[in-house]
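Student: Sequence first, then the predicted structure:
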Number of protein chains: 2
Amino acid sequence: MLPTKTPLKIAIVDDHNLFRKGLIKLISLGDKENKYSILFEAENGNDLKDKLKSKSPPDIILMDIDMPDLNGYEAVDWLRKYHPDISILVVSMFETEEPIMRMLRMGVKGYLSKDIEVEDMHQALEAIANKGFYYSDLVSGIMAQNIQSTNPEIRLKQGSALILTENEREFLKLACTELTYSQIADRMNLSPKTIDGYRESLFQKFQVKSRVSLAMYAVKNNLVKI
Amino acid sequence: MLPTKTPLKIAIVDDHNLFRKGLIKLISLGDKENKYSILFEAENGNDLKDKLKSKSPPDIILMDIDMPDLNGYEAVDWLRKYHPDISILVVSMFETEEPIMRMLRMGVKGYLSKDIEVEDMHQALEAIANKGFYYSDLVSGIMAQNIQSTNPEIRLKQGSALILTENEREFLKLACTELTYSQIADRMNLSPKTIDGYRESLFQKFQVKSRVSLAMYAVKNNLVKI
DNA sequence: GAGAAAAAGGGGATTTTTCCTGTATGACAC
DNA sequence: GTGTCATACAGGAAAAATCCCCTTTTTCTC
């Protein structure tokens, strides 16, 4: 339970200034009792790191996911290590299971779509202030579905399979370029057949069936920068 | 300055309620002289169509691009036909040449990034109200580069935004998936040879030599969502 | 309505990717 | 030692992608 007497300190992390400024207005205009104060804004994860060095930490961070430099997942991961006491409320345009579960597994205290009523956001803030978390029906429904699947195959898919070797990472980067596999083999001083082994291994791990899908997966999951 | 004129009627089209509501606050709170009135909101292009049937048309529409059902491009295309008198101000997260030029070619009166100062947005609204358009330095710079030559060969060398046909765009989306070219041909009800022609054409336009590069280019330039 | 340009489709060869089947090697535990 | 596991590597075949050069159909202009 977070302190209720002094205003709750909030920070906003989102890469679009218009959205940040609008959100601030929505929070402060609906806040008659002065329950909240906006401590600072950051435009991505790296900016957040910087600002946490020079400023006092907020109680709650409103966190976007898709941002340049350091995205929401990476930022939450970092916060978990260095500021585990800060409550994180994700505010994202993504409404699908994958990002929601990924964030919940990292221990965020709530997950809001950007397409919600203003009142819902106020409720979320209030809930986090009072009981420490806010999970909407959508989010708790997805949680329930996933809590059951201790299914080994699914666990394998999400857990151990995502560990890549150094060579696999290097190959993955080059597979996103115009080089052919045999050129990649030359570049890495390995046999084309070894390269084919990396390809097969990554296809398995990512559950894809073509080089294009491999590249798309890599981009989507920030394994390669574009 | 007296409020002699009737306020400028504005509509907002964006698929995220939090953003729309924030934007409304930012517009109305900075509007001491009552120059603007928010007529209505729509959450995508189809919703806009519906609302234009039952309501009086606005003077300006603030238009997002990435929306479900009917996106910004399609909505602007429709508006151009049925409501050519409405000024369109695009407000998008995309800041690259391709979407900007595509919108400008359709005759929008301004293009704003979502990552701008609140003051810039007010300036844009004022400019459109007074002189009918607002092109930031970024946008007019891109216009200048593209206005010089309609010759595709010269434009290629300059790296200017290219014009794609509807079919090429559709093919490009599918080329970023796991489908083979012949499956894409089936999906689009065209001959595999025609698909091969689209491929060749896009390879030329983007100066790439493989499907992977094509997909990476498309992602980099926001031609496909990932 | 002729002519030009764009879009759609085609034949066929080469290269690359994908997917099987394997084997050789070294590290490691027991 | 022996077994096991991960890694590097191979042969070979089928599928897909790439790249030539070429014809037909549609669309638009004059």
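Tutor: Thanks, I have it.

Student: going forward, measure contacts and count neighbours with C-alpha atoms only.
Tutor: Noted.

Student: Can you find the helix or strand of chain A with the lowest average pLDDT?
Tutor: helix A:152-158 (a mean of 41; mean pLDDT, DSSP states H and E).

Student: SS state for A:I88?
Tutor: strand (DSSP: H, G, I helix; E, B strand; the rest coil).

Student: Does it touch A:L112 like I think?
Tutor: No. A:I88 lies out of contact with A:L112 (Cα atoms under 8 Å); the separation is 11.0 Å.

Student: Tell me how far the residue with the largest distance to the centre of chain A lies from DNA strand C.
Tutor: The outermost residue of chain A relative to its centre, with distances by Cα atoms, centre = their mean, is A:S191 at 36.9 Å. A:S191 sits at a distance of 12 Å from DNA strand C (criterion: Cα to the nearest atom of the strand, to the nearest Å).

Student: Please apply the same query to A:R187.
Tutor: 13 Å.

Student: tell me which residues of whichever helix or strand that residue is part of are tucked away?
Tutor: Applying DSSP states H and E as the criterion places A:R187 in helix A:181-188. Buried residues in helix A:181-188, defined by neighbour count with 16 or more other Cα atoms under 10 Å in any protein chain shown: A:181, A:184-185.

Student: Output the set of residues of chain A in proximity to DNA strand D.
Tutor: Contacts of chain A with DNA strand D, taken as Cα under 7 Å from any atom of the strand, map to A:165, A:167, A:190-194, A:197.

Student: Output these in a markdown table; the columns should cover secondary structure, pLDDT and distance to chain B.
Tutor: Below are the residues of chain A next to DNA strand D laid out as a markdown table (DSSP: H, G, I helix; E, B strand; the rest coil; pLDDT from 0 to 100; distance: Cα to the nearest Cα, whole Å):
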| residue | secondary structure | pLDDT | distance to chain B |
| --- | --- | --- | --- |
| A:T165 | coil | 91 | 22 |
| A:N167 | helix | 95 | 20 |
| A:L190 | coil | 95 | 22 |
| A:S191 | coil | 96 | 22 |
| A:P192 | helix | 96 | 19 |
| A:K193 | helix | 97 | 20 |
| A:T194 | helix | 97 | 21 |
| A:G197 | helix | 96 | 19 |
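
Student: neighbour-wise, which of those residues leads?
Tutor: A:P192 (16 neighbours; other Cα atoms under 10 Å in any protein chain shown).

Student: got the contact list for that residue?
Tutor: A:181-182, A:184-186 (Cα atoms under 8 Å, 6 or more residues apart in numbering or on different chains).

Student: Could you single out the nearest of these to DNA strand C?
Tutor: A:Y181 (3.7 Å; Cα to the nearest atom of the strand).

Student: Quick one, grab the pLDDT at the closest one.
Tutor: Looking at A:Y181, its pLDDT is 97.

Student: what does A:K32 give?
Tutor: 86.

Student: Based on its surroundings, how many neighbours for it?
Tutor: 9.
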